[in-house]
Each structure stands twice: as structure tokens, then as C-alpha cells.
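Participant: With the sequence up front, the predicted model follows.
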Amino acid sequence: MKSLATVLLVLMAASAAAVDTEAPLPTAEQQSLYRKLLEEVRCMVCQNQNLRDSDAPLARDMRRELRRMVEGGASEDDVKQFLLDRYGDFALYRPRLAPNTLLLWAGPGVIVVLALGSIALAIRRRMQMPIPEED
Amino acid sequence: MSGRRRIRWVLLLPCAVLLVMVYFFGVSLGRDPSLVPSPLVGRPAPEFSLPELLDSDTTFSRQDVEEGPWMLNVWASWCSGCIVEHEFLMALGRAGAPLYGLNWKDGNADAMEWLQLRGNPYRAIAVDADGRAGIDWGVYGAPETFLIDADGIVRYRHVGPLDGAVFADVFLPVLEGQSQ
């Protein structure tokens, strides 16, 4: 059990290393915004990693750019618009609600409603069935 | 009788859902997830003003591009796909195509050696050593080739080595001013 915990700790330390070697940003708000963005922005080269986890050269460039923007007073929306204009919705792990992402956001809800609706229909139909008389 | 009909119709519903899913999965199977559509298409080409690779005292900016449609090829000496497409680019250059280069995240000495070895198909080459201009163009790998029309609007972004088929289908009509 103890060795498992050690392995976990080592793994967690490894994934955090990409960012933690950087100096913190001037204010706490900027630092937390920067960290939040790193979690939510996709590394375009490795695709299934976010900027925080990736050590690809492009991810390093994008971290540097995001850092510069946040340090210069950019808001979360500013940075996200910057990324959307250049890399599209794919860059954000939490894409915006837009006509082309509507299916993505509404799809699960629609499926749940359809499923509940058909279950309700089936139950109602069964309740309307005559109860078989016992012998 | 109608109740029985309705039950049969409901039984078909899962099959219909399955068919829809199979369709979407089928479409996704044939799709390359590494090809990300560029939001730049349909919008003005980003501005840049960068050192010229072969003449380091001058800058090369978007305004220096000659009038008419043009192509911007993102390349680097470390990029293996760039070797694949280079022969084709050389042929384009010889034919006088308006081809410009963006040397992306590379070293100047490496880039110049690469051109000396393989030839230079570009009218001018901008040096984007730190990749800042690449971010403005939404570049996520090399090679990438952008097609910009005579109005300065990005019309297409090709990811990966450029070849004759894509060039004939997409690039040529715009370069010859046939499509608008």
C-alpha cells in the first residue's frame, strides 16, 4: 500500500513539473487564471494533453504566450477568444456554446430526455394493460 | 390492432438509433483527427513583420507580398514532412508560383544549410524563430501551407506535405483567379 502511494506521488509530481518550474505571476489572481487556462487549453500537437501536462515545443510556446497575455492584464475571455481565432473550438477542452457546438452540449440531455420519455411511455402502457385474473 | 402496430414501430427505434450511431462512427473512422480545421479560412491573413532569412538586415512583412493570390509554406529544417514536399515546392518555384516561406521554430544556420542543400523555391522567407507568428496563423506543425487569395483572405490551410492532387484541386483555381 505504501509503495503504491509512493508511485502515485511520483507520477503526480512528474505531471506537475512542466509548470512548477516557472516563476509565479505577479498577482495571485493572474496566477490562478494562468493555471486554470493551462488546464483547459489543449496542446494542439499532442491533442489528448492539456498545456499543463504537455512538454511539446508548441505547448511551451503557447504557455509563454498565455503567460504574457495574463501578465499584460488579459481576461479569461480575452485569452479564449485569442485561441479560438487561431486554433478554433478544438483548442478548448470546454468549448463555447455556439451553433456548431450545440449538438455537443445538448446531445446528452436530448438522449436522457428521450430515454426517460420512452421508459415513461412503456410504464404507462403496461399500467393500462388488463391485469390477468388469477385462477 | 393499432396498439400492436405501435409496439412494432417502437421495436424499430433501437435499430434506427443504432444505424445513426453506425453512420457517425463510420464517418469518424475515415476522419484523421490530427487534421484540425483552421478558423482562419474566410478571414484576412494575419499580419506579420519578421526578419528575412537570406537577408537578415531587412524585414519581410505581409505588405511585402506581391499583389495577387499567394501561398505561405510553414517549414523547418527539422521537419521530415518538409523534405517530402520539397521537390514539389521546387517545381512550383521554377514555374513561378507565388510561394513564400515561414521558417518556423528553426535556427537560421540550419535553415540556410537546408536550402543550400535542397534548393530554395521561395520568393521570400520570414524567420519565426520563437513561433510567435506561427501562433497567429494557428500553426500546430510543419509543414503547413496556407492559400491566400488576391483580396488577402485565407482560402485554405493544408496540413502535411503538399502534393499535386491537393494543389490541382484547391490551390490552382484560386491562384489562377478562376474561383471567387
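Facilitator: Yep, that arrived.

Participant: okay, now residue B:43: neighbour count?
Facilitator: 12 (other CB atoms under 10 Å in any protein chain shown). Every C-beta, even on glycine, is put in place using the N, C-alpha and C of the backbone.

Participant: wait, I meant residue B:127
Facilitator: 22.

Participant: what does the one 10 residues further on give?
Facilitator: Residues within reach of residue B:137, counting by other CB under 10 Å, total 22.

Participant: Same question for residue B:44.
Facilitator: Neighbours of residue B:44 (other CB under 10 Å): 12.

Participant: looking at it, it is touching residue B:155, isn't it?
Facilitator: No - with contact defined as CB atoms under 8 Å, residue B:44 does not count as touching residue B:155 (11.3 Å).

Participant: Whichever residue of chain B sits closest to chain A - nearest residue in space that isn't next to it in sequence?
Facilitator: Closest to chain A within chain B is residue B:140: 3.6 Å, counting by CB to the nearest CB. Leaving aside its chain neighbours, residue B:140 sits nearest to residue A:44 (3.6 Å; criterion: CB to CB, 6 or more residues apart in numbering or on different chains).

Participant: Give the full set of residues in contact with the residue most central in space within chain A.
Facilitator: The centroid of chain A falls nearest to residue A:93 when counting by CA atoms, centre = their mean (3.8 Å). By CB atoms under 8 Å, 6 or more residues apart in numbering or on different chains, the contact list for residue A:93 reads A:39, A:40, A:41, A:42, A:50.

Participant: Just the element for the closest residue to the last one other than its chain neighbours, please.
Facilitator: Think residue A:50. Leaving out its chain neighbours, the residue that sits closest to residue A:50 by CB to CB, 6+ apart is residue A:39, at 5.6 Å. In this assignment (DSSP states H and E), residue A:39 forms part of helix A:28-40.

Participant: C-terminal to that helix, what's the next element?
Facilitator: helix A:57-71.

Participant: now what about the helix or strand just after that following helix, what contacts it?
Facilitator: On the C-terminal side of helix A:57-71, the closest following helix or strand by DSSP H and E is helix A:76-87. The contact list for helix A:76-87 (CB under 8 Å, 6+ apart) reads A:33, A:36-37, A:41, A:44, A:66, A:69-70, A:74, A:91-92, A:96, B:36, B:39-40, B:135-138, B:140.

Participant: Going by neighbour count, which residues in stretch B:50-58 are buried?
Facilitator: Within stretch B:50-58, the residues scored as buried using 16 or more other CB atoms under 10 Å in any protein chain shown are B:50, B:51, B:52, B:53.

Participant: residues in contact with that stretch?
Facilitator: B:59-61, B:101-103, B:108, B:111-112, B:115, B:120, B:124-128, B:133.

Participant: Quick check: residues of chain B near chain A?
Facilitator: B:10, B:13, B:33-34, B:36-40, B:105, B:130-132, B:134-138, B:140-141 (CB under 8 Å from any CB of the partner chain).

Participant: Now do the same for residue 13: its pLDDT.
Facilitator: Just going to use chain A. Looking at residue A:13, its pLDDT is 59.

Participant: not what I meant, chain B
Facilitator: Here the pLDDT value assigned to residue B:13 is 82.

Participant: so it is in which element?
Facilitator: Using DSSP H and E, residue B:13 sits within helix B:2-29.

Participant: Which single residue in chain A comes nearest to chain B?
Facilitator: residue A:44 (3.6 Å).

Participant: can you pull the contacts of that residue?
Facilitator: By CB under 8 Å, 6+ apart, residue A:44 lies in contact with A:58, A:62, A:87, A:90, A:91, B:36, B:140, B:141.

Participant: from those, which has minimum pLDDT?
Facilitator: residue B:36 (77).

Participant: Would it be right to say that it lies in a helix?
Facilitator: No - going by DSSP: H, G, I helix; E, B strand; the rest coil, the assignment for residue B:36 is coil, not a helix.

Participant: Contact partners for it?
Facilitator: Per CB under 8 Å, 6+ apart, neighbours of residue B:36: A:44, A:87, A:88, A:90, B:140, B:159.

Participant: Surely the fourth one is in a helix?
Facilitator: Yes - for residue A:90, which was evaluated using three-state DSSP, the result is membership in a helix.

Participant: Can you get me a residue count around it?
Facilitator: For residue A:90, using other CB under 10 Å, the count is 17.

Participant: I'd say it and residue A:48 touch.
Facilitator: No - contact criterion CB under 8 Å: residue A:90 and residue A:48 do not qualify, at 11.8 Å.

Participant: quick one: common contacting residues for the two?
Facilitator: The contact sets of residue A:90 and residue A:48 do not overlap (CB under 8 Å, 6+ apart).
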